[in-house]
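Novice: Any chance you could fold what I've pasted below:
(one chain, ligands or ions: 1)
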Amino acid sequence: MDIEQLKRLKDVRKVVMLTAYDYQMAKILDTAGLDIILVGDSLGMVVLGYEGTRQVTMADMIRHTEAVTRGAKSAIIVGDMPIGTYGNIGDALKNAQKFIEAGADAIKIEGNKPEIVEALISSGVPVMGHLGLLPQTAEEFKVRGKRREEADRIYADALELDGLGVFSIVLECVPIKLSKRITDAVGCLTIGIGAGAACDGQVLIVNDLLGMDEDFNPKHIKIYAHLSETIREAVLRFMEEVKNGKFPDDAHSFH
Ligand code: KIV
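Specialist: Now for the predicted structure:
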């Protein structure tokens, strides 16, 4: 998929993006008709059990991007470049290419790095930007752009990224007023997480939406299923049936 095709997403009414990290989840999201799958570096927290995203490596991301691309046949796949892999143009080009070879249609990078974005786009790699709360470098996980000065900086960064030709920008944890101001001003697609309804699309971490971690429930996450409960109940039933001799029964055994 080339940059021009990706830019046409702006015409889709409310683009929906979710993260996925493995083959089976990618297959489910893809058959549901999801627009975009992000192989996010949130992998670090939700799959690998780290505190944040900073320990995630290229090797981790490429392995999981390959798994996702095996499962998704139609959705656009975006690979999230981990911290330290796009600090200079050489690294950015080399590592972005690895995502493309792994089957990603585009890559995402955090912050406004004009020379890196320009080099990636000139080399034919579609780029998704990410502004507002930047988990790779944030010291504190809080809403960004509440104060005028910070809001103006995020707005200016969005205009610059748009001018450089990114096909989309993720806006994470910014006030509704700011995400609306940006969405109205840019030509590229805005995708919000904790950024209100004015964005062109929305993204959530799939494990959050599915209620996989009962201890994690920030304001901007809506839980659509309670899978941790469902899984625990299934495991308890299995344990009980094995212990009392009900499983395996005749129907699940070979003669
Ligand atoms: O890594 C990730 O999952 C992300 C989303 C929160 C946008 O960057």
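Novice: pLDDT at Thr137, what is it?
Specialist: pLDDT for Thr137: 97.
Novice: correct me, but it touches Ile109?
Specialist: No. Applying CB atoms under 8 Å as the test, Thr137 and Ile109 come out as separate, 11.7 Å apart. C-beta: built from backbone N, CA, C; applies to glycine.
Novice: Of those two, which one has the most company?
Specialist: Ile109 (26 against 11; other CB atoms under 10 Å).
Novice: my read: the more buried one touches Ile116, true?
Specialist: Yes. If you go by CB under 8 Å, Ile109 and Ile116 touch, sitting 6.8 Å apart.
Novice: what touches both of these two?
Specialist: Tyr86, Ala92 (CB atoms under 8 Å, 6 or more residues apart in numbering).
Novice: who touches Ile100 in this structure?
Specialist: Under the criterion of CB under 8 Å, 6+ apart, the contact list for Ile100 reads Ile107, Val125.
Novice: what does Glu140 give?
Specialist: By CB under 8 Å, 6+ apart, the contact list for Glu140 is empty.
Novice: What of Phe141?
Specialist: Contacts of Phe141 were listed using CB under 8 Å, 6+ apart, and they are Leu133, Pro135, Cys173.
Novice: Name the residues of the helix or strand where Gln97 lies that come out as buried.
Specialist: Per DSSP states H and E, Gln97 falls inside helix 89-101. Along helix 89-101, these residues count as buried under the neighbour rule (16 or more other CB atoms under 10 Å): Ala92, Leu93, Asn95, Ala96, Lys98, Phe99, Ile100.
Novice: Can you give me the end-to-end span of stretch 27-35?
Specialist: 13 Å (CA to CA, to the nearest Å).
Novice: How about residues contacting it?
Specialist: When contacts are defined by CB under 8 Å, 6+ apart, stretch 27-35 is touched by residues 9, 12, 15-18, 20, 37, 71-76, 201, 206.
Novice: Show me which parts of it are buried, residue by residue.
Specialist: Neighbour counts using 16+ other CB under 10 Å place Lys27, Leu29, Asp30, Leu34, Asp35 of stretch 27-35 among the buried residues.
Novice: same deal with stretch 17-27?
Specialist: Counting neighbours by 16+ other CB under 10 Å, stretch 17-27 gives Met17, Leu18, Thr19, Ala20, Tyr21, Asp22, Tyr23, Met25, Ala26, Lys27 as buried.
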